[in-house]
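Colleague: what's the 3D shape of this:
(one chain, ligands or ions: 2)
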Amino acid sequence: NLTDKFEKAFKVLKGQGQISEVNVAETLKEVRRALLDADVNFKTAKNFTKTVKEKALGRDVLTAVSPGQLMTKICHEQLVELMGGNETEVNYQGNPAVILMSGLQGSGKTTFSGKLANFLKSKKGKNPLLVACDVYRPAAIDQLHVLGEQIGVEVYSNKEEKNPVKIAEAAVQHAKSNSHNVVIIDTAGRLAIDQEMMNEIASVKEAIQPTETLFVVDAMTGQDAVNTAKAFNEKINFDGVILTKLDGDTRGGAAISIKAVVDKPIKFVGTGEKMDAIDIFYPKRMADRILGMGDVVSLVERAQEQYDEKEAQKLQKKIKKNQFDFNDFLSQLHQVKKMGNVKDLMGMIPGMGKAMKGVEIEDDAFKHIEAIIYSMSPYERENPKAIDVSRKKRIAKGSGQSLQEVNKLLKQFNDTKKMMKMMSNKKNMASMMKQMK
Ligand code: GDP
Ligand code: MG
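Modeller: Ligands and ions are numbered 1, 2, ... in the order given. I've put the predicted structure just below:
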């Protein structure tokens, strides 16, 4: 399923796989494949990875987390956004509020009507009325009566009447005179998208002007769910989506692409056949579920906070006082190295991605820089200015590098220091990196 696919996609980045090198591009390819396999619409999947990549390239490099963790977090954020950001409530305000169900046969309309009535009664103190508007299958009417009895909610039906508009209108009247403040209208569906069914639901909608029209869809139908949603939305312009049967081994794909394709929020999910198997749809929780990495994400957040607070502040102080020395340089180097190989890191620096294309950098590009710094005495590391020619020669010898390399590093260090000083009014190193864009 999608969660497993994502796990696999991140495996490389997490360093759990055979490959220890960070490879963002490869990971994104895997992520996209995972989305497509989960029946996420092609355009949606493509846009998703494109956005994630852009965000990854723009992210701060100097964080205490691995690129894999950072990517996970960005994917998570992006998924949440794609699924609508925050939860959206069903509008049940009105006198009475009228909620109309639509969707194919078997999608779970009748079951969800019962669940919603139960939810509004027990959680919101409402007095709902359920309305059976499936005029084709008497069994469907009985089904709703059984559910109504179970949850103690009145069910309005009329087996003699064959016009659903008339039933709906009469039901709203009945609700008004019996102080029901919410009316939930269950309608008939067909096995496939069908013009007659569409016209019928459209005319019910037109006649009773519901407060809220909901489209119920079986999450297990994958890409079909998206096509059905599109067709229904074009015809009846519904307000929200109910994703049912999320309890099984369901592909999460529908949840991701429906919002992207019809731009309507998912409001509830169904997670079982029982009347209490209903959940408000939280994009954040769904993203957790899809990525299967809720823990990683919060871990990353914490790590980022810690880094920001401690490291950055300490460094900031030193830069301000112009005390930035080779020990700090080294620790920054290690910070960066922790995140992965140099080329990929460079690629993550804003604007560097393109410049680095085709450039070959060895993994241990930092190695001789480290060697030079390690060959400095503690005094020299703290007082780079004191490094004169004779000290330079000694350091070169000790590190096995040329005098030229030592000079280059010292110049690099001084440039960095100058730039840091210049930027020292900025919040931290991270924001400085952004300035370089
Ligand atoms: P309708 O034709 O759209 O009214 O669909 P129904 O409400 O009759 O549901 C069709 C079948 O799906 C029934 O057997 C329900 O018990 C089942 N069902 C509905 N919602 C869920 C759900 O969230 N999870 C599971 N596992 N089954 C569901
Ligand atoms: Mg039904």
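Colleague: what's around residue 396, how many residues?
Modeller: Residues near residue 396, counting by other C-beta atoms under 10 Å, number 18. Any C-beta I mention is one placed from the backbone N, CA and C, and that applies to glycine too.
Colleague: sorry, that was for residue 72
Modeller: Residue 72 has 25 neighbouring residues, counting by other C-beta under 10 Å.
Colleague: and it, which of the three is it?
Modeller: helix (DSSP: H, G, I helix; E, B strand; the rest coil).
Colleague: any idea how far residue 290 is from it?
Modeller: 11 Å (C-beta to C-beta, to the nearest Å).
Colleague: now do residue 124
Modeller: Applying C-beta to C-beta, the value for residue 124 to residue 290 is 29 Å.
Colleague: same deal with residue 114?
Modeller: 28 Å.
Colleague: repeat that for residue 29.
Modeller: To residue 290, residue 29 is 18 Å away according to C-beta to C-beta.
Colleague: higher neighbour count, those two?
Modeller: Set side by side, residue 29 and residue 290 show more neighbours around residue 290, with 26 against 13, by other C-beta under 10 Å.
Colleague: shouldn't the more buried one be in contact with residue 246?
Modeller: No - counting by C-beta atoms under 8 Å, residue 290 does not reach residue 246; the two are 11.4 Å apart.
Colleague: who touches both of those two?
Modeller: residue 255 (C-beta atoms under 8 Å, 6 or more residues apart in numbering).
Colleague: got the end-to-end distance for stretch 211-230?
Modeller: End-to-end span of stretch 211-230 (C-alpha to C-alpha, to the nearest Å): 21 Å.
Colleague: same thing with stretch 393-406?
Modeller: The first-to-last residue distance of stretch 393-406 comes to 8 Å (C-alpha to C-alpha).
Colleague: so how far is that stretch from its chain's centroid?
Modeller: 50 Å (C-alpha atoms, centre = their mean, to the nearest Å).
Colleague: report the buried residues of it.
Modeller: Neighbour-count burial for stretch 393-406 flags 394-396, 399, 401, 405-406 (criterion: 16 or more other C-beta atoms under 10 Å).
Colleague: burial of the residue nearest to residue 281 when sequence neighbours are not counted, as a residue count?
Modeller: Excluding the flanking residues, the one nearest residue 281 by C-beta to C-beta, 6 or more residues apart in numbering is residue 266, at 4.4 Å. Neighbour count of residue 266, defined by other C-beta under 10 Å: 26.
Colleague: okay, helices next: where are they in the stretch 51-200 of the chain?
Modeller: Per DSSP state H, counting those that start in this stretch, the stretch 51-200 of the chain carries helices over the ranges 67-82, 109-124, 138-151, 164-177, 195-208.
Colleague: make CSV from these and add distance to residue 131 and mean pLDDT to it.
Modeller: Compiled in CSV, those are given as follows (distance: least, C-beta to C-beta, whole Å; pLDDT from 0 to 100):
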stretch, distance to residue 131, mean pLDDT
helix 67-82, 34, 80
helix 109-124, 8, 97
helix 138-151, 8, 95
helix 164-177, 4, 97
helix 195-208, 10, 93
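Colleague: tell me which other helices or strands the one helix or strand residue 398 maps to touches.
Modeller: Here residue 398 sits within helix 389-399, counting by DSSP states H and E. Judged by 3 or more C-beta pairs under 8 Å, 6 or more residues apart in numbering; DSSP states H and E, helix 389-399 is in contact with helix 367-374, helix 403-422.
Colleague: can you list these in CSV and add distance to ligand 1 and mean pLDDT?
Modeller: As requested, these are exported to CSV (distance: least, C-beta to the nearest ligand atom, whole Å; pLDDT from 0 to 100):
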stretch, distance to ligand 1, mean pLDDT
helix 367-374, 57, 87
helix 403-422, 57, 83
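Colleague: for the ones you listed, which one sits closest to ligand 2?
Modeller: Among the helices and strands packed on helix 389-399, the nearest to ligand 2 by C-beta to the ion is helix 403-422 (67.1 Å).
Colleague: list the buried ones in the closest one?
Modeller: 405-406, 409-410, 413, 417, 420.
Colleague: what's the angle from it to helix 389-399?
Modeller: Interaxial angle of helix 403-422 relative to helix 389-399 (axes from the mean of the first three to the mean of the last three C-alpha atoms, to 10 degrees): 110 degrees.
Colleague: need the residues that contact helix 403-422.
Modeller: Counting by C-beta under 8 Å, 6+ apart, residues outside helix 403-422 touching it are 319, 322, 324, 326, 329, 368-369, 372-373, 384, 387, 392-393, 395-396, 399, 429, 432.
Colleague: so who does the residue nearest to residue 157 when sequence neighbours are not counted touch?
Modeller: Closest residue to residue 157 apart from its sequence neighbours, by C-beta to C-beta, 6+ apart: residue 132 at 3.9 Å. The contact partners of residue 132, taken as C-beta under 8 Å, 6+ apart, are 140-141, 144-145, 155-157, 167, 186.
Colleague: cool, residue 195 as well?
Modeller: With C-beta under 8 Å, 6+ apart, residue 195 has no contacts at all.
Colleague: could you do the one 10 residues further on as well?
Modeller: The neighbourhood of residue 205, defined by C-beta under 8 Å, 6+ apart, consists of 100, 213, 236.
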